[in-house]
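> Return a 3D structure for these sequence lines:
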Amino acid sequence: MVEKAKSGHPGGAMGGADFINVLYSEFLEYDPENPAWEGRDRFFLDPGHMSPMLYSVLACAGKFSLAELAQFRQWDSPTPGHPEVDVLRGIENTSGPLGQGHTFAVGAAIAAKFLKARFGEVMNQTIYAFISDGGVQEEISQGAGRLAGHLGLDNLIMFYDSNDIQLSTGTNAVTSENTHAKYEAWGWKVIEIQGNDPEQIRAALNEAKAETSKPTLIIGKTIMGKGAVKEDGTNFERQCATHGAPLSEAGASFEKTIKNLGGNPENPFEFFEETKEIYAKRAEELKKIVSEKKSLKAKWAKENPELAEKLTEFFSGKYPKIDWTKIVQKPNNSTRAASATVLGELAKQVENMIVASADLSNSDKTDGFLKQTHALAKGDFSGAFLQAGVAELTMACVAIGMALHGGVIPACATFFVFSDYMKPAVRMAALMETPVKFIWTHDAFRVGEDGPTHEPVEQEAQIRLMEKLQNHNGHNSMLVLRPADAEEATLCWKLAMENTTTPTGLIFSRQNINDLPADKREVEKGAYIVYSDPNPDVVLLASGSEVATLNEGSELLKKDGVKIRIVSVPSEGLFRKQSAEYQENILPKNIKRFGLTAGLPVTLESLVGENGKVFGLNSFGFSAPYKVLDEKLGFTAKNVYEQVKAIL
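Coordinates of the predicted model:
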């Protein structure tokens, strides 16, 4: 595949093929007729550059044709350079950024434990992961390893393809750690084998399957570019060059290597007869395995009809039934506290929701959810809250893994400024269209005394770019919502729960916000009129707590006879999806506009346009009480008055 495409990573795939072949032909349990079967085992690939290995074994299992393998890395091919999630083809996750794939597996294992605690043996499954030297080196591996060991995820088995070679050097140039000891210290069972020996692979997998209290790491010492030879027939294994280039470019002979491996260089895209027999045999075994499991499920469903109906509902992917009238907000509250009120009710009504926090539950107010349940713990997955520890990227990837597993609705929370740690995961969630709810509190410089390290400025502009980026289905890749008061917070949460096709970012304030004088809140349209005089002279627009500041400033302007319209814009992405007529009705082209943002001015510039002005923050924040910062930085009614008067 790599040779034909003239690009790719052959060496690692050649070395890792023995493990994945044994896994798929003897251990992985799935339904060939129904790839989305909720009771299946799941395999998560971390090193996406080893995609030829995965595509090949899936072709053996009937998920890809040889013609599709021959179109590797080509336009409109189902075999892109790095695998992209496609459950019907057996691909559980998009992989590429090293470290994330195996962390998705940790999330999937947590979801499986959560569901097994509620439905018993019908959700008894094994989560497999495959990690490379690069994935182990990525910092996220510490968070994933720590969390999996701490929770005792005995349903997680990870193969470490330890070939001692990476893209530009041997691994000995960058690390001398004892990986075995490291994972043992995190509470994993660790097995070391020769990773190209099928008998040792088989024995290790059986041993790992028998483990009942720990996740298992199988360290397989493998051979980079296994079987590669040069034109003269001499060995060309264990070479850095085969990591990231076709064999012929790396210095090996493609034709001689194919011959050395028993293939036909004139027709390399063919199945060996023994391979066909192995996978035909496995197909028959899977029919029996799946039939037995489904018979047990049918018996269980007959005995537990309500649970069976609930299991089906959990995996439907549909918006859960929620009675939003039960949510009553306190007036003039912070939106993080308003979020806590919503979460407290969701904990009661949405039985398959899992909320995580990066050691901030009492500050990001996810404790509103936690107070109605308890934390997940080793041996006890009856709760619905994950204490992720100080590991924002790990937490985000774990939440994505839960969503990829299915059956649960994950949300995770931290301070907005620490969304910077999460950006790589947020991007992957958007690419895979996984409906994770990202909760970000302490949304602006009003964090106050903690100072500029904790005061987000550029973060809103950054995350709102994801609303402008389209996914492969032509939709906004993410929904981003920043509510202006407590009531808007409820409505934003409603939109987040209704959004089952993309991730959602919810941005909440630390400080209290005065309620807006809005009669009709059309939050679902992204922007709506909070207040308007007839034939306004100026439109004042903002999101979040700045809307209340605009409202205060409007009182001063009205005393001067200025006719005002105030617009709340919780989501520009949603607003831009409305009809041109609606957009013109909210923001008439011939009326001056003034935007106020606690972030960079660019956050609102596309909405304000040339016919107005944006007042924002052009620098990092400062350490002081937030009310002092409001005065010093100009986020006051008086400054709104002065800024608007200057443009009229």
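> And the closest residue to Phe104 other than its chain neighbours, how far from Ala108?
Distance criterion CB to CB, 6 or more residues apart in numbering; nearest residue to Phe104, sequence neighbours excluded, is Gly401 at 3.6 Å. Glycine gets a C-beta too; all of them are placed from N, C-alpha and C. According to CB to CB, to the nearest Å, Gly401 and Ala108 sit 5 Å apart.
> Give me the common contacts of these two.
Residues touching both Gly401 and Ala108 (CB atoms under 8 Å, 6 or more residues apart in numbering): Phe44.
> Can you get me a residue count around Ile131?
27 (other CB atoms under 10 Å).
> Send me the secondary structure element (helix or strand) that it belongs to as CSV with only the CA atoms.
Assessed by DSSP states H and E, Ile131 sits inside strand 127-132. Output of strand 127-132 as CSV, limited to C-alpha atoms (Å, rounded to 0.1, in the frame of the first residue of the first chain):
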residue,chain,number,x,y,z
ILE,A,127,-11.3,-2.9,25.3
TYR,A,128,-8.1,-3.4,23.4
ALA,A,129,-5.5,-0.7,22.6
PHE,A,130,-2.3,-0.6,20.5
ILE,A,131,0.4,2.0,21.4
SER,A,132,3.8,2.7,20.0
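> next one: the helix or strand just after it to chain centre, how far?
The helix or strand immediately downstream of strand 127-132 is helix 133-137, counting by DSSP H and E. Relative to its chain's centre, helix 133-137 lies at 20 Å (CA atoms, centre = their mean, to the nearest Å).
> same for the helix or strand that helix 133-137 is followed by, what does it pack against?
Counting by DSSP H and E, the element after helix 133-137 in chain order, helix or strand, is helix 140-150. Under the contact definition 3 or more CB pairs under 8 Å, 6 or more residues apart in numbering; DSSP states H and E, helix 140-150 sits against helix 100-119, helix 179-185, helix 392-405.
> For the residue nearest to Pro601 when sequence neighbours are not counted, grab phi and psi.
Closest residue to Pro601 apart from its sequence neighbours, by CB to CB, 6+ apart: Gly616 at 3.7 Å. As for Gly616, its main-chain torsions (degrees, to the nearest 10) stand at phi -140, psi -160.
> for the strand holding Ile131, packing partners?
Using 3+ CB pairs under 8 Å, 6+ apart, strand 127-132 sits against helix 10-22, strand 42-45, helix 100-119, strand 156-162.
> Tabulate those (TSV), appending mean pLDDT.
As requested, these are exported to TSV (pLDDT from 0 to 100):
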stretch	mean pLDDT
helix 10-22	98
strand 42-45	98
helix 100-119	98
strand 156-162	98
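> re the thing from before, what's the strand holding Ile131 in contact with?
Residues contacting strand 127-132 (CB under 8 Å, 6+ apart): 12, 16, 19-20, 23, 27-28, 41-47, 50, 98, 101-102, 105-106, 108-109, 112, 141, 153, 155-161, 163, 405.
> just stretch 627-637 next, same as before
For stretch 627-637, using CB under 8 Å, 6+ apart, the contacting residues are 445-446, 448, 546, 549, 552-553, 555-556, 596, 598, 615, 617, 621-622, 624.
> Kindly recompute the last result at 10 Å.
444-449, 455, 511, 545-546, 548-557, 596-598, 615-617, 619, 621-626, 638-640, 642-643 (CB atoms under 10 Å, 6 or more residues apart in numbering).
> Give the burial count for Asn512, as a bare number.
17.
> all numbers from here: first residue = 17
With the count now opening at 17, the last piece we talked about shows up as Asn528.
> And it, how close does it get to Phe431?
18 Å.
> Among the contacts of stretch 643-653, which lie within helices?
Using DSSP state H, the subset of the contacts of stretch 643-653 located in helices is 562, 564-573, 642, 654-656, 658-659.
> Filter these down to the buried ones.
Among these, those classed as buried by 16 or more other CB atoms under 10 Å are 562, 564-567, 569-570, 572-573, 642, 655-656, 659.
> Widest-spaced pair of the residues you listed?
Leu573 and Tyr642 (24.1 Å; CB to CB).
> List the buried residues in stretch 598-609.
Per 16+ other CB under 10 Å, stretch 598-609 contains these buried residues: 598-599, 602-603, 608-609.
> Can you tell me which of the residues you listed is nearest Pro586?
Within these, the smallest distance to Pro586 is 12.6 Å, found for Ile602 (CB to CB).
> Might you report the residue contacts of the closest residue to the closest one other than its chain neighbours?
Nearest in space to Ile602, with sequence neighbours left out and distances taken as CB to CB, 6+ apart, is Ala543 at 5.4 Å. If you count contacts by CB under 10 Å, 6+ apart, Ala543 has them with 557, 559, 583-588, 590-592, 594, 598-599, 602-603, 623.
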